[in-house]
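Participant: I need the structure of the sequence given here:
(chains A and B)
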Amino acid sequence: MTSELFGADLNPWVDAIVRLLMWVGFMTVVAMGLIYLERKVLARFMARIGPQKTGPMGLLQSVADALKLIGKEDLRPRNADPWTFELGPYLVFIPIFMSFLAIPLVFDWHIRLFELGLLYFVAISSINLVGWVMAGWGSDNRYAMLGALRAVAQGISYELPLVLSLVAVAIFNQTLNLEEMILFQGQTPNILWQPLAFMIFFVAALAEMNRPPFDIPVGESEVVGGPFVEYSGIRWSMFFLGEYTALFIMALLASVVFLGGWAWPLGEELGRWWQVILMTVKTSAFIFLVFWVRASMPRLRIDQLMAFSWKVLLPLTFAQVLVNGLVLAYEWDYWVSRVALGVAGLAGIVLLYAIIDRSVRRPRPRPAPVAQSEAVTA
Amino acid sequence: MVVRPEIEREFETQDLLLNVGPQHPSTHGVFRMVMEIDGELVKDVVPYIGYLHRGAEKLCETMDYRQGIGFMDRTEYLAAFNAELSYVMAVEELAGLEVPDRAQWLRMILCEMNRIASHLMFMGAFGIDVGVFGTPFIYAWREREAIFDLFEEVSGDRMMYAYFRPGGLAWEVPVNFTERVREVLKAVNQGIKDFDGLLTENEVFIARTRGVGAISAADAIDFGMSGPSLRASGVPLDIRRTEPYLKYAEVDFDVVVGQNGDVYDRYLCRLQELRESVRIVEQCLEKLPDGPIMPEKMPRMLRTPPGEVYIRTEAPRGEYGIYLVSEGGNRPYRLKVRSACLSNLQALKHMSVGQYVADAIIVLGSIDIVLSEVDR
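Facilitator: Numbering: from 1, shown residues only, chains lettered A, B, ... in the order given. Just a heads-up that it's a prediction; the model follows:
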């Protein structure tokens, strides 16, 4: 039994290994590029220049960083639990890489197309929390422990709005197959008819990826890097790789599910290279949005984060799912149902903004003076 | 309903102790605190200071009055002009020196500019404390650099100026001083607007800071707080207004007062004070007279008659006082610095117990401590 790769007949095992290496290499290059881009984009937001000395326009900065990280000593604290400490990074970055499996990049370019692709994605992408806990617990560091527990609380809370916003879209498109979802959006992307779902997906994705303003588990001014405190060298860079790969994959998913993937607006006949450009533009736009938020948003507090998820995002997502079901159950006209969904989504966004605004402008109680003796001893 | 008997614990339990500092990104230097936390709630805070103690006060006693100026710079490196001012004013008071008008106006300009630089530094560092990755920090430093360039042109140094002298100033300011100051003020005005857009109206920032770390006016007074940290609680105590020194009685400015004494008010007070400082400097530039910058006859060796004096001024962080004792001769017998940061730091525990860990960090940031002033 042989399989074919680039016209050459290979043993299936060799074939699998070659494909795996290609894939990991590609993701590593993408992650390095994203790190470079993030540094440049953030620098522009901050009125700085960013890396510029390493290679032309600082292009080799990420390569230099990667080489430095590989060359660094892989330290393990004496009191750390050897197995959990050493295995933690793998459990963070392997699930993230696995979630890439199901995503259709361009027409007919994908690793594996599942009939239940969306379900596979949401199932596999939350496993990395186990790795975070292992890293936090195994490091025998209080900051790491605190960060890991925060990560779990946050991950579990935001998994629900994330999944349910995707469910809403899946109900609307009546499929869980990502390729069919793209074909469904041939004329108009989902974001037009599901703006609230996109909004919630964006917020929940930020939290899932531990990006600001939800970078509470790694909050540098509080827990100093969270579960990664004790890691160095190649293991630390695996966390970093996982983080940026997750960003890339989440952006791919957003462009597939909400922005029409490779189909909208050019259709499927235009050839692969146009589709590659389309996907690149959409993915970059999403990633730029994430960078932009990072440059301008302070970090939320853990209780506010949880309250926002359970009290605001989750009810709104349920409402979105119900509205979608309702509109589709009556099987209205094509445009009527879409416009109804779009209006409902916009109303939801307005409601979301109103809720945030109201909670922010809540009047503050004036502090009452503590009794004299207590104030002195307190 | 079955009432279950209390289950006795078979072992001793203790809440988690979390050591923050002295090498922690948000301790603003080498401050250390040990937090007792229950989950995310802070139950106790024990601060440790002294990592930066250099004995500056004692060292000053071994030196000539003019040599002490440099040490005062280093006690408060973010607002060195304000620290120098208290010291030279104390020496002048002891020696009975009359400071010429022009020198006083110039001192006022430089001190207010330094207040702006210091508050900008607070804005940037506080932005990092609440978790913006670095945008406010760089924004603040952009204007701060402009001010430092100006100070370098005036005194020859960016941070440790040693430019004030007992009696006046070391040398005349550059010829284009007023134009340069106006230029810098323009940049600062733009910077204040940037901060309004970046933080003041930011929903996440408001959610994080409003109602956090509140302290009532009575408590703040009891802890001996001063400066913007006290005024945020609603106490209009500003030494520039209550005991005007230099020419503060001749300029028009408002004492910025907060209401709730929480972290947000402390931030907002400082932001408003930036505007007030710009106003003061603009008025100073209008009224800046020509004339000498040192008294007509200065002794070659500055000697003071025996006596003691306490001079206090409004530094960016609060009341910066100098207690100076002389037994005659050319060096102080005893010098004591009343540090605003040390007093403000006393309220840290009061403000952060019962808050979340993340809040304790921003409470510490909102007091705006400079560890070299706390430890001296």
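Participant: Check whichever residue of the stretch 201-350 of chain A sits closest to chain B and give its pLDDT.
Facilitator: The stretch 201-350 of chain A approaches chain B most closely through A:R299 (2.7 Å), counting by CB to the nearest CB. Using the backbone N, CA and C atoms, a C-beta is placed for each residue, glycine as well. Here, the pLDDT recorded for A:R299 equals 88.
Participant: tell me the contacts of the closest residue in space to it that isn't next to it in sequence?
Facilitator: Counting by CB to CB, 6 or more residues apart in numbering or on different chains, the nearest residue to A:R299 once its immediate chain neighbours are dropped is B:G131, at 2.7 Å. B:G131 makes contacts with A:P212, A:P213, A:D215, A:G219, A:E220, A:S221, A:M297, A:P298, A:R299, B:R208, as judged by CB atoms under 8 Å, 6 or more residues apart in numbering or on different chains.
Participant: Quick one: low-confidence residue ranges for the chain.
Facilitator: You didn't say which chain, so I picked chain A. A:1-8, A:108-109, A:267-268, A:369-378 (pLDDT under 70).
Participant: my bad, chain B
Facilitator: Where chain B drops to pLDDT under 70, the residues are B:1-9.
Participant: ranges for the helices of the stretch 51-200 of chain A?
Facilitator: Along the stretch 51-200 of chain A, the stretches classed as helices by DSSP state H, counting those that start in this stretch are A:61-71, A:82-99, A:117-124, A:128-138, A:142-173, A:178-184, A:190-193, A:195-208.
Participant: Make CSV out of those and add distance to A:Y353.
Facilitator: Formatted as CSV, the helices of the stretch 51-200 of chain A follow (distance: least, CB to CB, whole Å):
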stretch, distance to A:Y353
helix A:61-71, 37
helix A:82-99, 31
helix A:117-124, 27
helix A:128-138, 30
helix A:142-173, 16
helix A:178-184, 28
helix A:190-193, 17
helix A:195-208, 10
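Participant: ok, and what's touching stretch A:164-171?
Facilitator: Contacts of stretch A:164-171 (CB under 8 Å, 6+ apart): A:118, A:122, A:176, A:181, A:190, A:194, A:197-198, A:200-201, A:204, A:257-258, A:314, A:317-318, A:320-321, A:324-325, A:328.
Participant: how far is that stretch from where the chain is centred?
Facilitator: Relative to its chain's centre, stretch A:164-171 lies at 17 Å (CA atoms, centre = their mean, to the nearest Å).
Participant: sorry, back to before: tabulate the contacts of B:G131 (TSV), appending neighbour count.
Facilitator: Below are these laid out as TSV (neighbours: other CB atoms under 10 Å in any protein chain shown):
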residue	neighbour count
A:P212	23
A:P213	26
A:D215	22
A:G219	28
A:E220	16
A:S221	21
A:M297	24
A:P298	27
A:R299	27
B:R208	24
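Participant: for chain A, what are the nearby residues on the stretch 51-200 of chain B?
Facilitator: B:127-135, B:137-139, B:142, B:198-199 (CB under 8 Å from any CB of the partner chain).
Participant: Tell me the one of those nearest B:M63?
Facilitator: B:F137 (36.2 Å; CB to CB).
Participant: isn't the closest one right next to B:I128, touching?
Facilitator: Yes: using CB atoms under 8 Å, B:F137 is in contact with B:I128, at 5.5 Å.
Participant: Just the ones in helices from the contacts of B:G131, please.
Facilitator: Per DSSP state H, helices hold the following members of those: B:R208.
Participant: who are the neighbours in contact with the residue of the stretch 201-350 of chain A closest to chain B?
Facilitator: A:R299 touches A:212-216, A:219, A:221-222, B:130-132, B:204, B:208, B:358, counting by CB under 8 Å, 6+ apart.
Participant: State the distance from it to A:I349.
Facilitator: A:R299 sits 23 Å away from A:I349, going by CB to CB, to the nearest Å.
Participant: Over to B:G168?
Facilitator: Note on B:G168: its distance to A:I349, by CB to CB, is 63 Å.
Participant: Count residues in the vicinity of A:A123, would you?
Facilitator: Around A:A123 there are 14 other residues, counting by other CB atoms under 10 Å in any protein chain shown.
Participant: swap that for A:V29, sorry
Facilitator: Neighbours of A:V29 under the rule other CB under 10 Å: 12.
Participant: so which helix or strand takes in it?
Facilitator: Element membership of A:V29 [criterion: DSSP states H and E] is helix A:12-45.
Participant: Who are the packing partners of that helix?
Facilitator: Under the contact criterion of 3 or more CB pairs under 8 Å, 6 or more residues apart in numbering or on different chains; DSSP states H and E, helix A:12-45 touches strand A:3-5, helix A:61-71, helix A:82-99, helix A:233-257, helix A:272-296.
Participant: in the stretch 1-150 of chain B, which spans are helices?
Facilitator: According to DSSP H, counting those that start in this stretch, the helices that the stretch 1-150 of chain B contains are B:56-60, B:65-75, B:80-95, B:101-130, B:135-155.
Participant: Mind putting those helices into CSV with mean neighbour count?
Facilitator: Below are these laid out as CSV (neighbours: other CB under 10 Å):
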stretch, mean neighbour count
helix B:56-60, 19
helix B:65-75, 22
helix B:80-95, 25
helix B:101-130, 25
helix B:135-155, 20
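Participant: out of those helices, which comes closest to B:F253?
Facilitator: Nearest to B:F253 among those is helix B:101-130; the distance by CB to CB comes to 9.4 Å.
Participant: Can you give the distance of that closest one from its chain's centre?
Facilitator: Distance of helix B:101-130 from the chain centroid (CA atoms, centre = their mean) equals 9 Å.
Participant: so the helix holding A:V29 versus helix A:61-71, what angle?
Facilitator: 120 degrees (axes from the mean of the first three to the mean of the last three CA atoms, to 10 degrees).
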